[in-house]
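Asks: Attaching a predicted model along with its sequence, questions to come.
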Amino acid sequence: MDPKKVLLVEDERATAENVKLMLELEGFAVDTAYDFKTAKEKLSKHHYPLVVLDLLLPDGNGIDLLPLINPERTKVVVLTGHGTIETAVEALKRGAADFLQKPISVKELVKRLKKAAAELEAASASPAPGLAAEGLVGNSEFVRRLRELLPEVAASDKNVLLRGEEGVGKTFVGRLVHLLSPRRELPFEKLLVRGKKEREFELEKELFGCELPGKEKVGLLERCQGGTLMLVGVEDLPPRLQQKLADAIEKRSFTPVGSSRRVYFNARLISTTTSNLYEMARRGLFSEELLVKLNEVELEIPPLRERREDVLPLFEYFLEKFSSERGLPKPILSEEATEFLLSYPFPGNVTELKAAAERLVLIKAGQVVSAADLGLGGGSPKEEAKSSLFDISNWREAKKRFEKEFLKRKLLETGGDVKKVAKMINLDVSNVYRKIREYKLDEYLKK
C-alpha cells in the first residue's frame, strides 16, 4: 500500500489542478474526481489510503461517499466552505479523520495529509492484537461501538453471551474477545453444541471428559485450562448438562464421566445463540441459573440488513483477502453491482457476503462485476421482484423455484461445501448433488 496515494474530490477544476500540482511536488500520487458520480466509481474500484473530499458537489453530497470508505484503511480530510461546519462535524462522526476550511491552504493540507499517512503506516506496522484479524470491518455505529467495547470486555475476564442470527459473526467476535484478553497465549477451543441435543453422552464426554475403560477422553474444559472455551449454539445443551455446567462454574471444578476425580476449572466461557434464552428460561427450556452465569456480559450482533454501512467495506475486504491469497487480480465492482449490494437483504448475513466475494475472485478475477455476476437473489432487485414466488400460479414451478434459490443460498453460505450443506439442511449428500445437477448450480461448488 502506498500511503501517499490520494483521491482529490473537488468540483472546481482550477482549484483541483492547482492542489494536485502542489501535492505532487510534496511526493503525493494524486488522482482527481470532479463530481460525486466519478468519485463513487473510483472509490468502488480502487483503494486510496488518503481522500480529500469536498462536501458540496454538483451532483451529490460528499458525505454520502463515506459509507464506501473504511476508516481503518483510509484517512479522509473533508473540505468545508462557509456554513458547512455542522456538516463537517457530521462527517467526522461518520468516519472522516479531519476537516479543513476553504479557501484551501495547501501548506496546511500537506501537513494534515502527511500526519494521516504516518498514522496509517504506524497502524500497518503494529496493528492492535486481534483487531487486525479477519472481519472487524465496517462503518456502522455497531462496529464503531464494538471497536471501543471489545478491549474492555476482553480485559474483564467475564463470561460472554453473543446473540444474533446465523452468519452475523458471533464466532468471529468471540475469538476476538480471546485474542484481546490476557488469555490470548493460552488455548482457545470451540464446542459445536447446536444440533447435538440428542447426543447427550457424546456432548458430556466432549465437554467434561471421560475416564470409562476404552472411552477415555480429556474434556474441553480441562484441555483449555487458563484459556477460552466457546460453546456454539448453547441453546441445544441438554437440561442435565446445563445443570452440570452451572455447578462447574459455581464450584470452579467438575468430575469427568466415569470418574470420582475433581478437575479444577479455570477457563473463560463464551457462548453463542440464535435463540431467545430468556424466553426459553421462562418456559423452563433453559436453566435460568446457567443463563445468569453465561451472560455476565451480553452482546447482540445485528443482522447485516440493519447495518448496511458495513456491506461495501466488508465486501471489499473479502475481495482483497481472497485475491491476495490466490494471487489473482481483484474483481472490480460496477456501479450497478455496488447499488445491488447496498439494497440486498443478505439473509445469510456476513457468511453469505463472504462466500459471494470468494466466488467472484475465482470466476471474475480482474474483471468488472455486474449485479448478475454477484449470484445473489436473481441479479438485481427489479429482477427479483419480477420473479417473486408469489407471482407463480403453478405449485410445481413455485416449489422448483424455491428449491433452486434455497440451495443456491446454502451453497453461497458454505462456500460451496456440499457436505456442510447436506448437514445444514438434513439431506443426504447424494440428494444434494442430484439437486445441484438438476438446477445447474455447479458453478457454486467449492473449487
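Replies: Yes, it's here. Keep in mind the model is a prediction, meaning the values are calculated, not measured.

Asks: Break this structure into its domains for me.
Replies: 5-125, 141-300, 305-444 (automatic domain parsing).

Asks: Quickly, which of the ones you listed bottoms out on average pLDDT?
Replies: Ranked by mean pLDDT, the domains of the chain end with domain 305-444 at the bottom, a mean of 81.

Asks: Now do the helices in the stretch 251-400 of the chain.
Replies: 277-282, 288-294, 311-326, 335-343, 349-363, 381-386, 395-413 (DSSP state H, counting those that start in this stretch).

Asks: Distance to residue 43 and mean neighbour count added to those, as a markdown table?
Replies: For every residue, glycine as well, the C-beta is placed using N, CA and C. Formatted as a markdown table, the helices of the stretch 251-400 of the chain follow (distance: least, CB to CB, whole Å; neighbours: other CB atoms under 10 Å):
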| stretch | distance to residue 43 | mean neighbour count |
| --- | --- | --- |
| helix 277-282 | 41 | 15 |
| helix 288-294 | 42 | 19 |
| helix 311-326 | 9 | 19 |
| helix 335-343 | 9 | 19 |
| helix 349-363 | 17 | 22 |
| helix 381-386 | 22 | 13 |
| helix 395-413 | 26 | 16 |
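
Asks: Nearest to residue 166, out of those?
Replies: Judged by CB to CB, the one of the helices of the stretch 251-400 of the chain that comes nearest to residue 166 is helix 349-363, at 6.8 Å.

Asks: who's in contact with the closest one?
Replies: With contact meaning CB atoms under 8 Å, 6 or more residues apart in numbering, helix 349-363 is reached by 135, 165-169, 172, 303-304, 311, 314-315, 318-319, 322-323, 326, 328, 330-331, 346, 348, 369, 373-376, 409, 411-416, 443-444, 447.

Asks: what's the host helix or strand of residue 118 packed up against?
Replies: Secondary structure assigned from DSSP states H and E places residue 118 in helix 106-125. Applying 3 or more CB pairs under 8 Å, 6 or more residues apart in numbering; DSSP states H and E, we find helix 106-125 packed against helix 13-25, strand 50-54, strand 75-80, strand 98-101.

Asks: Send me stretch 164-176 as PDB with only the CA atoms.
Replies: Included here for stretch 164-176 are C-alpha records, laid out as PDB according to Å, rounded to 0.1, in the frame of the first residue of the first chain:
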ATOM      1  CA  GLY A 164     -27.700 -12.900  16.800                       C
ATOM      2  CA  GLU A 165     -28.900 -14.600  13.600                       C
ATOM      3  CA  GLU A 166     -27.000 -17.300  11.700                       C
ATOM      4  CA  GLY A 167     -23.900 -15.900   9.900                       C
ATOM      5  CA  VAL A 168     -23.700 -12.500  11.600                       C
ATOM      6  CA  GLY A 169     -20.200 -13.200  13.000                       C
ATOM      7  CA  LYS A 170     -20.800 -14.400  16.600                       C
ATOM      8  CA  THR A 171     -17.900 -16.900  16.400                       C
ATOM      9  CA  PHE A 172     -15.600 -14.300  15.000                       C
ATOM     10  CA  VAL A 173     -16.400 -11.700  17.700                       C
ATOM     11  CA  GLY A 174     -15.900 -14.500  20.400                       C
ATOM     12  CA  ARG A 175     -12.500 -15.200  19.000                       C
ATOM     13  CA  LEU A 176     -11.600 -11.500  19.100                       C
END
